[in-house]
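# no FASTA, just this:
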């Protein structure tokens, strides 16, 4: 997962089709044709509906473009974001990039499957 600072985030870069999806919107109502990136919003850290949207977009709708977490992104949620299908997380102002990266260094493997590795660990072991 790529981690970027808030000042590096460009809402609609030239030449890309970007959808900013509020966390109360239904992903099944989207026309994903030609969409390069979907920005999923975390209005506050206690509202995790964007996790479900990411999972639906990757798992059921087979969206292959970039999923970006924006808003109140906490570093302790980054690993779960990656496991749900996010490619990029935009950190809030004042959050240390090194602290964010350390989250991925702490957790190298998981027993259960996720979007990236659908098979649980015991199924991969031979």
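On my side now, so go ahead. Model, not experiment: these values are computed from the prediction.
# Low-confidence stretches in the protein?
Within the chain, the segments meeting pLDDT under 70 span 109-111, 113, 121, 124-126.
# residue closest to the middle of it?
Nearest to the geometric centre of the chain sits residue 86, at 2.1 Å (Cα atoms, centre = their mean).
# my guess is it contacts residue 65, does it?
No: under the criterion of Cβ atoms under 8 Å, residue 86 makes no contact with residue 65, lying 11.8 Å away. Glycine gets a C-beta too; all of them are placed from N, C-alpha and C.
# about what we covered before: can you say which helix or strand has the residue nearest to the centre of the chain in it?
Under DSSP states H and E, no helix or strand contains residue 86.
# Next: the one 4 residues further on.
Residue 90 is part of strand 88-91, with elements assigned from DSSP H and E.
# Show the subsequent helix or strand relative to that strand.
helix 97-106.
# That following helix: which residues count as buried?
Within helix 97-106, the residues scored as buried using 16 or more other Cβ atoms under 10 Å are 100, 103.
# Which other helices and strands does that helix contact?
Judged by 3 or more Cβ pairs under 8 Å, 6 or more residues apart in numbering; DSSP states H and E, the packing partners of helix 97-106 are strand 2-5, helix 78-84, strand 88-91.
# what's the closest of these to residue 122?
helix 78-84 (17.3 Å; Cβ to Cβ).
# and residue 16, that one's in a strand?
No: counting by DSSP: H, G, I helix; E, B strand; the rest coil, residue 16 is not found in a strand; it is coil.
# just checking, it touches residue 38?
No: applying Cβ under 8 Å, one finds residue 16 not in contact with residue 38, separated by 11.1 Å.
# Who has more neighbours out of the two?
residue 38 (23 against 13; other Cβ atoms under 10 Å).
# tell me which residues form a beta bridge with the more buried one?
residue 19, residue 67 (DSSP bridges).
# Which residues are in contact with it?
Applying Cβ atoms under 8 Å, 6 or more residues apart in numbering to residue 38 gives the contacts 18, 19, 20, 21, 30, 57, 63, 65, 66, 67, 68.
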